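give the three-dimensional model of this entry:
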Amino acid sequence: LLNTLAFISQIFKGLAANKSLKDAVSDAYDETLGKLHAWVVRTGIKAGMIGLPSREHFLKSIGETEESARIHGDGFIEAADAIVESINSLYSGIEMPKSDFSMKSLW
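Numbering: from 1, shown residues only. Purely as a prediction, here's the structure:
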């Protein structure tokens, strides 16, 4: 849940920086959840990102404009980052497990 919260926050940060939806999601994934997933999962998720709508279509589909989304997004980013930072401080010094699977390990 923590990593998903960080992922969504990173998406909003990318959108606030005027990235396309695809670039915002892709960059956010690489910075957050992609670090935890095995190669097979990362590859599948990246392939699925090809089907993401344009930024404009996405905003329209959720009933937002650039201006209204920025208001809601900025508040979410601030709250989410505070939660992520607080929880990360609880785990300071603890190495969380992550997958090291790759296709190379099969050969």
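
state the helix or strand in which Ala69 lies.
Using DSSP states H and E, Ala69 sits within helix 66-90.

show me what the helix or strand of the chain with the lowest mean pLDDT is in contact with.
The weakest-scoring helix or strand in the chain, judged by mean pLDDT, DSSP states H and E, is helix 66-90 (a mean of 91). With contact meaning C-beta atoms under 8 Å, 6 or more residues apart in numbering, helix 66-90 is reached by 2, 5-6, 8-9, 12-13, 15-16, 59, 62, 64. Where C-beta positions appear, they are placed from N, C-alpha and C, glycine not excepted.

looking at these, which is nearest Gly48?
Ile8 (16.7 Å; C-beta to C-beta).

next, the buried residues of the least confident helix or strand of the chain.
Neighbour-count burial for helix 66-90, counted by 16 or more other C-beta atoms under 10 Å, picks out 69, 73, 77, 80-81, 84.

how far does that helix sit from its chain's centre?
12 Å (C-alpha atoms, centre = their mean, to the nearest Å).

before we move on, what about stretch 34-43?
On C-alpha atoms, centre = their mean, the centre of stretch 34-43 falls 13 Å from that of its chain.

one more: stretch 61-80?
With C-alpha atoms, centre = their mean, you get 15 Å for stretch 61-80.

sorry, back to before: now, the contacts of helix 66-90 that are in helices?
Mapping those onto helices (DSSP state H) picks out 2, 5-6, 8-9, 12-13, 15-16, 59.

out of those residues, which end up buried?
2, 5-6, 8-9, 12-13, 15, 59.

report the lowest-confidence entry in those.
Ranked by pLDDT, those bottom out at Leu2, which scores 86.

excluding chain neighbours, what is closest to that one?
Ile87 (5.3 Å; C-beta to C-beta, 6 or more residues apart in numbering).
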